[in-house]
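Peer 1: Sequence and predicted structure are below.
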Amino acid sequence: MQKIEKFICAGCTLLCDDIEVDLSADHWRPKNTCELGNQYFAQPSSPTQTHFVDGEVATLDQAVKATAQLLRNAKSPLICGLDQLSTEAQQVSWKIADIAGATIDTTFTNHGRSSIFSLQKIGKVTATLGEIGSRSDLVVFWFCDPEITHPRLLERIHRKDKDQPQRILVVGDKETATTKIAHRFIQISKENASELLVRVRGQLTLPSDNKTSASGANFSSATEATASELVKELVDAKYGSIFFEQVTENSRFDSTSDSISRLIRSLNDVTRFVGLKLRTDNNAQSAENVLAWSSGFPFAVNHNLGHPRQHGLEFSAESMLQTQQCDAILFASRLSKSDLVGQLSKSARAHFESIPQIAFSTQAMIANVQFQLGIPGINEAGEYCRIDNISMPVKKIKPNDWMSPETILEEIRQNLVARS
């Protein structure tokens, strides 16, 4: 007899919740998955959970005690890689940082941080996928290709109202898988994209009789014409949505997020518009939320003085390693160690290798203490954050007696409290 259950796929940040699995089958094959989902569920997973201390197999109790001792001995410990953990495990990580006087950060490097600074400066007007699917009659994809990064997005936000069909507009520099199914494709180079956004905002805020005179020599006639086309598409929408990709460079300034956020605010003076960033950074959005709830800061929080503080990127994981301000590190990663440290600068990499390391990882790596992570939605459960900031309860398909990262971290926290 078939026993069909529905699960959530954590193959991308879309977290599709209609994945069907026949648990009675000898070899389960998930249904309703996309190509990314197929690859995700095809990952090999270990049947048993193993922990290590100094390269030797250890019991959980031994690994917890060794971790707590390393954190107690450290004057300035660093906790990072929260983007690889569930929301519950992120919350316990912050408690450990508070007790140990540690610095805590969401990710391992400074890549993609500019989007947070943009949010702090301008704010955002956004909505859930359900609201976009129910109301949006125009969906704009700005220099992104969700058919590759989030393959089931269009299916999730498809509007079923035949009286008011949904239009898909793509703005980008080249044809993609998404442009092939769009109703319209506006092509413009990346170099001229910022100029286009400026012109669109300018045409929206100027009275109609002043728009022609405002087209100065600083803007090409081609860009001005493209801006006029785009403005007409945008203002004709009763409810529009703009999706755009996350900047992944190591920068404090994200011109795209800034300009699109300002454009959406201008559009709401004449119609209704929302925006949504197509994040691909695992559970980093949840980590930012947890740190903001707990400390008032969304990333790079230092507890060394007994209270949370932040100063830009000064206390980020990468900066702490580069300036050699940490003397022990607890991190979570689903990458191999070589791939992980390969993201760092030479000086940060050298310091990382020189200090005691406590690793929560799916892959074997050399560290003073290693706890084995499971794969979310396969042999590990927990809350994860969807791209629209909705928390989703991810269940595990394969029943097992593995200790969750949340439980292990709680054991470490209790050990620290008991010995303090």
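Peer 2: That came in fine, so what should we check first?
Peer 1: Next, give phi and psi for residue 148.
Peer 2: phi -100, psi -50 (degrees, to the nearest 10).
Peer 1: repeat for the one 5 residues further on
Peer 2: For residue 153, the backbone dihedrals are phi -60, psi -50 (criterion: degrees, to the nearest 10).
Peer 1: Could you number the chain from 457 rather than 1 from now on?
Peer 2: Right, with 457 as the first residue, what we last looked at is residue 609.
Peer 1: Only the buried residues of the worst-scoring helix or strand of the chain on mean pLDDT, if you could.
Peer 2: In the chain, no helix or strand scores lower on mean pLDDT, DSSP states H and E than helix 570-578, which sits at a mean of 83. For helix 570-578, burial by neighbour count (16 or more other C-beta atoms under 10 Å) applies to 570, 571, 572, 573, 574, 575, 578. Where C-beta positions appear, they are placed from N, C-alpha and C, glycine not excepted.
Peer 1: Would you map the helices across the stretch 507-656 of the chain?
Peer 2: 516-529, 543-556, 570-578, 585-591, 602-605, 609-613, 646-661 (DSSP state H, counting those that start in this stretch).
Peer 1: can you check the stretch 707-856 of the chain too?
Peer 2: Using DSSP H, counting those that start in this stretch, helices in the stretch 707-856 of the chain cover 711-723, 740-751, 773-778, 793-797, 802-810.
Peer 1: Mind checking those for the one nearest to residue 536?
Peer 2: In terms of C-beta to C-beta, the element of the helices of the stretch 707-856 of the chain nearest to residue 536 is helix 773-778, at 3.8 Å.
Peer 1: low-confidence ranges in the protein?
Peer 2: Across the chain, residues meeting the criterion (pLDDT under 70) sit at 457-458, 481-482, 617-618, 662-676, 704-708, 876.
Peer 1: can you list the domain ranges for it.
Peer 2: If the domains of the chain are taken from automatic domain parsing, they occupy 460-497, 507-567+738-831+856-875, 570-734, with pieces of a single domain joined by a plus sign.
Peer 1: Figure out which of the ones you listed is closest to residue 846.
Peer 2: Of the domains of the chain, the one closest to residue 846 (C-beta to C-beta) turns out to be domain 570-734, at 6.0 Å.
Peer 1: picking up where we left off before, so can I have a markdown table of the helices of the stretch 707-856 of the chain showing distance to residue 605?
Peer 2: As requested, the helices of the stretch 707-856 of the chain are arranged in a markdown table below (distance: least, C-beta to C-beta, whole Å):
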| stretch | distance to residue 605 |
| --- | --- |
| helix 711-723 | 16 |
| helix 740-751 | 15 |
| helix 773-778 | 24 |
| helix 793-797 | 20 |
| helix 802-810 | 28 |
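Peer 1: Contact partners for the nearest residue to residue 558 once chain neighbours are set aside?
Peer 2: Nearest non-adjacent residue to residue 558, counting by C-beta to C-beta, 6 or more residues apart in numbering: residue 533, 4.1 Å away. If you count contacts by C-beta atoms under 8 Å, 6 or more residues apart in numbering, residue 533 has them with 526, 527, 556, 557, 558, 559, 782, 783, 784, 785, 786.
Peer 1: mind listing which of these are in strands?
Peer 2: Counted as lying in strands by DSSP state E, out of those, are 559, 784, 785, 786.
Peer 1: Name whatever forms a beta bridge with the residue nearest to the last one when sequence neighbours are not counted.
Peer 2: Meaning residue 786. In space, and not counting its chain neighbours, residue 786 is closest to residue 814: 4.2 Å by C-beta to C-beta, 6+ apart. Each beta-bridge partner of residue 814 is listed here, defined by DSSP bridges: residue 786, residue 825.
Peer 1: Spit out the contact partners of residue 814.
Peer 2: Residues near residue 814 by C-beta under 8 Å, 6+ apart: 523, 526, 527, 784, 785, 786, 787, 823, 824, 825, 826, 827.
Peer 1: okay, stretch 578-592 in CSV with CA atoms only?
Peer 2: Included here for stretch 578-592 are C-alpha records, laid out as CSV according to Å, rounded to 0.1, in the frame of the first residue of the first chain:
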residue,chain,number,x,y,z
ILE,A,578,16.2,52.7,1.9
GLY,A,579,14.0,49.9,3.3
LYS,A,580,11.8,47.8,1.0
VAL,A,581,8.3,47.3,-0.2
THR,A,582,7.7,43.6,-0.6
ALA,A,583,5.1,40.8,-0.5
THR,A,584,4.8,37.0,-0.1
LEU,A,585,4.8,34.7,-3.1
GLY,A,586,1.2,34.0,-2.4
GLU,A,587,0.2,37.7,-2.7
ILE,A,588,2.3,38.2,-5.8
GLY,A,589,0.6,35.1,-7.4
SER,A,590,-2.9,36.3,-6.4
ARG,A,591,-2.6,40.0,-7.4
SER,A,592,0.3,40.7,-9.7
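Peer 1: Residue 853 reaches residue 476, doesn't it?
Peer 2: No: using C-beta atoms under 8 Å as the test, residue 853 is too far from residue 476 to be in contact (11.0 Å).
Peer 1: Just give me the neighbour total for residue 743.
Peer 2: Residue 743 has 30 neighbouring residues, counting by other C-beta atoms under 10 Å.
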